[in-house]
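Participant: Okay, predicted coordinates and the sequence, questions at the end:
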Amino acid sequence: MHLSLEQGDRFFDIMDALLTYVNGRFDVTPDFAMDYDDPLAEDKAQLIAAELWRNTAVIDDFVHENPFRLPARDLTAAADWKLALPGTFTLVRYQAGRALLMSEVGIFAVCGIDEDMDQVIGRAPATVRATLLPFEGQVIYDGFLTAGDVGLAVEREIEDEFERRVAQGIVADAPAFIHRVREWQRERQAREMDDWLAGLGDSDSAVDLPEGFHRGALAGLAGEDRAAALAGHVREIEQAERGSVMQAYRQIALNVESSAPLAKILLGYDRASLSQAAVEWGIPSAARLGKAHLAQALASSVLSHPEQLDDALVHAREATFSRMREAARAGGGSGEEASAYAVALLPKDIGGPSPLEPIEPYSFFIQEGEGLSFVVPPEVLAMLADVDFGAAEARRALVSNVLCIADACATCCGAVSFGDAFAQYEAAFPGTLHEEEFAAILADEASFGDLSYELWRNPQTDEDFIIHFTLDRRYVARQSLNGSRQQELAFHFESTAPDENPDQMANRMYEMVRSAVAQDLDRLDELLLYLVAEHERYAMRPLPADMLSGDAMSALLSAPAAVAVRNYIDEHMPDGQDDFFYAESVVEEIVMLMIESGHSEAPLEYVRELGLLEGDSNRSKLPQLIEMLYNNVPSWENNGWSPRELTEWLTGRTIFYDEDGGEMRIGPNDPCPCGSGKPYRRCHGR
């Protein structure tokens with residue numbers, strides 16, 4: 001159900017006039033006009049609408065001045081919009097052609113403007129950000145709406161909440177909408193007054209935490225002081241765990257002589273391991289060979305393919321690469337006098353960010369009495385003598401840079417074509433690779449797995465893309481079978497018909513799982529094509545410099561908005577949680593939820609489930625900080641531009657936030673928050 005053509009035209013005429021007036025009053029974005037040939041016109045209009053709903057009193061001036069000479073009927077309609085209801089709603093289902101949107105205010109049956117709501121939003125249930133309005137006797141929205149999926153685990157909770165709220169009635173017409181919003185505004189104002197009165201004189205609220213919370217060990221520490229405290233704690237953990245790590249190393253160590261040749265060392269493995277390695281090395285008829293012959297065949301294959309050693313060195317850990325280079329320098333003689341390279345493991349080799357580990361079948365951990373040694377067999381030492389370690393180090397840097405770019409592209413944008421990714425690489429590391437070499441490294445590295453990106457070919461254009469690992473079909477299929485899907489299965493098992501036999505039940509369960517996975521994969525295909533289409537609207541955001549020297553997630557977690565959330569949790573630490581790691585792990589999950597969902601509701605629900613909102617008498621502080629973080633996290637829809645950056649681009653102004661995470665409202669003559677000492681109008685307000 002939607003407005004008639006005449007009603008829709010009238011609505012847009014009023015709204016366009018009001019937005020134009022608001023932009024003139026608040027100077028939101030330059031050169032605004034509802035020119036539908038301008039691809040950014042809708043984005044600019046949405047920013048102006050957000051300013052309007054923050055300042056609905058301006059509607060009185062619009063009605064009084066009537067600058068566009070609207071008829072009285074249209075002015076009356078605009079005046080009712082002072083009771084606009086912006087917020088985040090849950091789309092429960094569609095009923096009689098309307099969307100049933102639920103929030104703390106109530107359940108609203110929302111009519112479309114120029115098309116039915118199921119065409120606007122899509123599948124239910126969903127999370128919907130919108131502003132609801134009364135118009136022509138209906139409840140509609142302001143023309144701007146964003147929707148996102150809800151987690152499968154909460155679908156049943158949505159139905160339960162709907163059943164509770166539906167008893168209050170469904171608001172389905174304009175008069176009921178106006179009445180409900182007025183009542184809710186009065187209740188909200190009363191609650192805010194009660195909270196304000198309760199907080200008078202409570203100057204120690206930040207210190208006197210509620211029961212169940214404490215001030216974490218890292219609270220109040222920043223920069224080098226925090227890093228030093230965390231590093232000291234990590235050293236204590238490593239010291240305490242060194243024995244167990246050494247025990248784990250012993251489990252993979254071989255019980256052979258450290259001076260043995262390669263074939264004899266390989267005999268230290270069981271037959272199953274040797275057979276698997278033989279398959280990987282392409283040794284024919286491995287199943288028919290005895291263990292000794294299998295070890296000899298494998299050793300011969302390893303020694304006859306020196307290029308595989310080069311590749312292994314490129315991908316080895318830094319500590320292992322350095323030790324292999326040291327082995328090459330030490331040498332081992334030649335002929336019958338050739339000896340192995342064997343060095344006892346030291347405490348510094350165990351644990352840490354880059355622990356020493358063998359790269360089999362070129363180096364090994366071997367038991368020597370009560371200790372362990374890192375061993376390179378004599379034949380491999382001879383191979384190492386021919387390795388150009390300078391070239392290998394240069395190749396390691398190339399591969400590392402390509403992986404860094406791929407990680408940043410996938411994290412920031414979700415899906416990036418090879419061409420766009422190479423343009424980002426060329427901007428960061430000019431003249432080091434051709435595009436074909438770049439693509440070859442991407443494909444080769446993706447075959448190893450355990451990366452933040454996967455490869456995807458657009459079925460509509462046959463163009464190759466880097467995609468975030470959470471957008472890969474295998475990942476989505478696995479997620480469909482885990483967690484929330486198990487809850488759904490349990491629910492269906494509970495509802496099994498008494499007379500249903502086990503075979504029928506199994507077939508029903510199988511069909512339900514197959515259908516659920518297929519549905520999730522269909523959604524994934526739609527999402528990928530949607531992202532590609534959305535990226536046509538904006539050029540890809542240039543990758544930030546801090547993402548070119550490490551992983552992208554670490555860069556996001558070190559951004560000021562993320563640090564603000566982390567610091568808040570440090571100050572409001574739940575009892576029983578790790579003071580040193582809890583805050584950062586929560587913030588990482590928050591950022592991932594923002595990136596994957598495209599909105600801030602999922603992380604807000606996450607911190608609510610963790611009970612973190614109970615740690616402060618000011619219940620709005622953490623949500624404000626999360627909203628600030630969301631506005632500064634790259635958006636997949638916007639091709640890597642954060643909501644703040646996109647707003648700054650469209651408005652030409654820099655956005656500043658206060659210490660509580662709220663957007664600062666700055667007067668033209670106020671000092672610019674950037675610290676320049678200039679008035680805002682002469683600095684970032686220009």
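Facilitator: Now that the structure is in, tell me what you want to look at. Residues are numbered from 1 along each chain as shown.

Participant: Just the buried residues of stretch 647-663, please?
Facilitator: Thr647, Trp649, Leu650, Thr651, Arg653, Thr654, Ile655, Tyr657, Gly661, Glu663 (16 or more other C-beta atoms under 10 Å). The C-beta positions use only the backbone N, C-alpha and C, and glycine is treated the same way.

Participant: As JSON lines, those with pLDDT and secondary structure would be great.
Facilitator: Below are those laid out as JSON lines (pLDDT from 0 to 100; DSSP: H, G, I helix; E, B strand; the rest coil):
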{"residue": "Thr647", "pLDDT": "85", "secondary structure": "helix"}
{"residue": "Trp649", "pLDDT": "81", "secondary structure": "helix"}
{"residue": "Leu650", "pLDDT": "80", "secondary structure": "helix"}
{"residue": "Thr651", "pLDDT": "78", "secondary structure": "helix"}
{"residue": "Arg653", "pLDDT": "74", "secondary structure": "coil"}
{"residue": "Thr654", "pLDDT": "77", "secondary structure": "coil"}
{"residue": "Ile655", "pLDDT": "76", "secondary structure": "coil"}
{"residue": "Tyr657", "pLDDT": "73", "secondary structure": "strand"}
{"residue": "Gly661", "pLDDT": "64", "secondary structure": "coil"}
{"residue": "Glu663", "pLDDT": "73", "secondary structure": "strand"}
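
Participant: so how far is Ala533 from the closest residue to Ala446 other than its chain neighbours?
Facilitator: Once flanking residues are discounted, Ala446 sits nearest to Leu455: 5.0 Å by C-beta to C-beta, 6 or more residues apart in numbering. When distance is defined by C-beta to C-beta, to the nearest Å, Leu455 is 20 Å away from Ala533.

Participant: and if you look at Ala240?
Facilitator: 52 Å.

Participant: got the contact list for the spatially most central residue of the chain?
Facilitator: Nearest to the geometric centre of the chain sits Met592, at 2.7 Å (C-alpha atoms, centre = their mean). Counting by C-beta atoms under 8 Å, 6 or more residues apart in numbering, Met592 makes contact with Met553.

Participant: now whichever strand or helix holds it, how far from the chain's geometric center?
Facilitator: For Met592, the element it lies in under DSSP states H and E is helix 582-597. Distance, stretch centre to chain centre, for helix 582-597: 7 Å (C-alpha atoms, centre = their mean, to the nearest Å).

Participant: rewinding a little: quick one: pLDDT of the residue nearest to the centre of the chain?
Facilitator: Note for Met592: predicted pLDDT of 92.

Participant: Leu455 and Ala533: who's more crowded?
Facilitator: A count of neighbours by other C-beta atoms under 10 Å puts Leu455 above the other of Leu455 and Ala533, at 17 against 10.

Participant: part of a strand, is that one?
Facilitator: Yes: the assignment for Leu455 is a strand, going by DSSP: H, G, I helix; E, B strand; the rest coil.

Participant: Give me the neighbour count for the residue lying closest to Glu42 once chain neighbours are set aside.
Facilitator: Of all residues not flanking Glu42 in the chain, Phe144 sits nearest, at 7.8 Å (C-beta to C-beta, 6+ apart). Neighbour count of Phe144, defined by other C-beta under 10 Å: 17.

Participant: And whichever strand or helix holds Phe144, what does it pack against?
Facilitator: In the assignment (DSSP H and E), Phe144 maps to strand 138-149. The contact analysis (3 or more C-beta pairs under 8 Å, 6 or more residues apart in numbering; DSSP states H and E) places strand 138-149 against helix 5-26, helix 41-54, strand 106-110, helix 117-121, strand 126-135, helix 174-199.

Participant: What are the buried residues along whichever helix or strand comes after the helix holding Met592?
Facilitator: For helix 582-597, the following helix or strand on the C-terminal side (DSSP H and E) is helix 601-610. Using 16+ other C-beta under 10 Å as the test for burial, helix 601-610 gives Glu601, Ala602, Pro603, Leu604, Glu605, Tyr606, Val607, Leu610.

Participant: between those, which is nearest Ile467?
Facilitator: The closest of these to Ile467 turns out to be Ala602 (C-beta to C-beta; 20.0 Å).

Participant: Now do the contacts for the closest one.
Facilitator: Thr127, Gly148, Gly151, Leu593, Met594, Glu596.

Participant: where in the stretch 101-250 of the chain is pLDDT low?
Facilitator: 150-156, 191-207 (pLDDT under 70).

Participant: State the three-state secondary structure for the residue nearest to Met117 when sequence neighbours are not counted.
Facilitator: Nearest in space to Met117, with sequence neighbours left out and distances taken as C-beta to C-beta, 6+ apart, is Ala99 at 3.7 Å. Following three-state DSSP, Ala99 is assigned to strand.

Participant: hang on, isn't Ala99 packed against Ile113?
Facilitator: No: contact criterion C-beta atoms under 8 Å: Ala99 and Ile113 do not qualify, at 12.0 Å.

Participant: out of the helices and strands packed on strand 138-149, which comes closest to Leu267?
Facilitator: strand 126-135 (59.5 Å).

Participant: This completes my enquiry, with thanks.
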